[in-house]
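Engineer: return atomic coordinates for the entry below.
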Amino acid sequence: MNILIITEYFPTSDKKITGGVEARAYNVAKVLAKKNNVVVCTSLQSGQKSSENIDEIRILRFCPSFEYSSTKSLAKRASWGIAMALRLPKIMKKHNIDVVDSQNYFSYPCSLVAKMLRKKSFATYHEVWLGSWAKNTGSWLGFLGEFAERIVLFKFAILGVKIISVSDFTKKRLVDAGINHKKIAVIPNGIDLKKYGTKKETKKKDSNSICYVGRLVEHKGVNDLIHAVSLVKKKIFDVNLTIVGDGPEKKTLEILTKKLRLENSVNFRGYVKDHEEVVDIIRSSEVLIHPGTVEGFGIILIEAMACQTPYVASSIDVFREVTEDGKGGLLFKVMNSEDLAEKIIKLLKDKKLYSKKQKEGKELVKKYYWKEIVEKIEEEYVK
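Structural biologist: Model prediction:
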């Protein structure tokens, strides 16, 4: 098959992967390219070539350029998506494309164009942001995103575009938004297990160290985590938290850290470009924390388990689904700093429980191999 994958961001290597959408796009393209002709259309970022081949994938990058972000540059990202949709017929004709799979919001208009051109059209859906755009982006332009997503989902429903959802939770939200459940296939995200070998698993973890990896936006609940750290310190004085990520809430979180006198216990690392460095931070930490209230999948929990690092995560539907009700870690009451602190202390102090969670996680990640996941995606394409 000749397959076209469209995504806002596409890394130049597996060391430059920055988020869940990019990880999925890169790994799916890489595995598909072993048996198919794969073309990727993406945005042109600073220092990148407009066209190149990586891992047998043909990559085409287009302007307008904009900084990497999930919540900023909304106008430029929207204009890129519209421009891609207009370019699509010419690209599809030149590369004799059979299947089009758009990977995120601003690439979804391409799936509509492909459907109207009577090609196999798919949209990979990570999160439904209906009702949350303004809050998640922290911008009045979020209302435009809200309007655009409603229009796109309405068009998907009318035209019958096939949707690949990363979780049952996201599928349910899509059905609530008017998509026929028969038009949705649930195929989860995965991880590249080659990054998590036996040697890496045995790397010594820093005592009483916990970490958070993700965007610093309100719905990620990092403020609850910082409050929890102040409570944990009463029982474990030398607990230390590393926060990896950036976002509009960073300044507010830094102020909260100072207010609670946690400057020596909380380290803001900022945005870390090298994914291997992020993995090293997770691997050397004793516990990973994810206190989010809104999520489409939560790949970071899978990565933590692959690193043999138990997690403490909020007990939201999608996390219960992905972890099979808490295998590999502990779940805490949503937005409850006291319960979060209690679960952190429990994992750090109870070595028997800690070892049990490590073993559970090591077994659970086996279902998230990219090879098996891409085989399911390819089956949908063939149908």
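Engineer: wasn't Gly47 part of a strand?
Structural biologist: No - under DSSP: H, G, I helix; E, B strand; the rest coil, Gly47 falls outside any strand and is assigned coil.
Engineer: would you map the helices across the stretch 201-350 of the chain?
Structural biologist: 222-232, 250-259, 275-284, 299-306, 317-322, 337-349 (DSSP state H, counting those that start in this stretch).
Engineer: lowest-confidence stretch among the ones you listed?
Structural biologist: Least confidently modelled of the helices of the stretch 201-350 of the chain is helix 275-284, at a mean of 90 by mean pLDDT.
Engineer: just the buried positions in it, please.
Structural biologist: His275, Val278, Val279, Ile281, Ile282, Arg283, Ser284 (16 or more other C-beta atoms under 10 Å). Every residue, glycine included, has its C-beta placed from N, CA and C.
Engineer: got the contact list for the second one?
Structural biologist: Applying C-beta atoms under 8 Å, 6 or more residues apart in numbering, one finds that Val278 lies in contact with Val213, Val244, Val272.
Engineer: gap between the first one and Ala23?
Structural biologist: Okay, so that is Val213. Relative to Ala23, Val213 is positioned 13 Å away (criterion: C-beta to C-beta, to the nearest Å).
Engineer: then the second one?
Structural biologist: Distance, Val244 to Ala23, by C-beta to C-beta: 15 Å.
Engineer: ok, the last one next?
Structural biologist: Taking C-beta to C-beta as the measure, Val272 falls 15 Å from Ala23.
Engineer: those two - which one has more neighbours?
Structural biologist: Neighbour count, other C-beta atoms under 10 Å: between Val272 and Ala23, Ala23 has more, with 21 against 16.
Engineer: was I right to think the more buried one contacts Ile302?
Structural biologist: No - using C-beta atoms under 8 Å, Ala23 is not in contact with Ile302; the gap is 10.4 Å.
Engineer: pLDDT weak spots in this structure?
Structural biologist: 69-72, 136-141, 197-204 (pLDDT under 70).
Engineer: so what's Val38 up against?
Structural biologist: Ile3, Leu4, Ile5, Ala29, Leu32, Glu56, Ile57, Arg58.
Engineer: list phi and psi for it.
Structural biologist: phi -120, psi 130 (degrees, to the nearest 10).
Engineer: what's across from it in the sheet?
Structural biologist: Beta bridges link Val38 to Ile3, Ile57 when assigned by DSSP bridges.
Engineer: what's the separation between it and Arg24?
Structural biologist: 14 Å.
Engineer: and for Ser65?
Structural biologist: In terms of C-beta to C-beta, Ser65 sits 22 Å off from Arg24.
Engineer: measure how buried the closest residue to Asn27 other than its chain neighbours is and give me the count.
Structural biologist: Leaving aside its sequence neighbours, Asn27 sits nearest to Trp370 (C-beta to C-beta, 6 or more residues apart in numbering; 4.6 Å). When neighbours are counted by other C-beta under 10 Å, Trp370 registers 21.
Engineer: tell me the helices and strands packed up against the helix or strand where Ser79 lies.
Structural biologist: Here Ser79, judged by DSSP states H and E, is contained in helix 74-95. Counting by 3 or more C-beta pairs under 8 Å, 6 or more residues apart in numbering; DSSP states H and E, the packing neighbours recorded for helix 74-95 are strand 2-6, strand 37-43, strand 57-62, helix 108-116, helix 142-159.
Engineer: okay, now the domains of the chain?
Structural biologist: 2-186, 193-367 (automatic domain parsing).
Engineer: need the ones you listed in CSV with distance to Glu375, can you?
Structural biologist: Listed next are these as CSV, based on distance: least, C-beta to C-beta, whole Å:
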stretch, distance to Glu375
domain 2-186, 8
domain 193-367, 13
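Engineer: to Val382, which of these lies closest?
Structural biologist: When the domains of the chain are compared by C-beta to C-beta, domain 2-186 sits nearest Val382, at 9.1 Å.
Engineer: ok, back up a step: which of the helices of the stretch 201-350 of the chain is buried the deepest?
Structural biologist: Highest mean neighbour count of the helices of the stretch 201-350 of the chain: helix 299-306, a mean of 25 (counted as mean count of other C-beta atoms under 10 Å).
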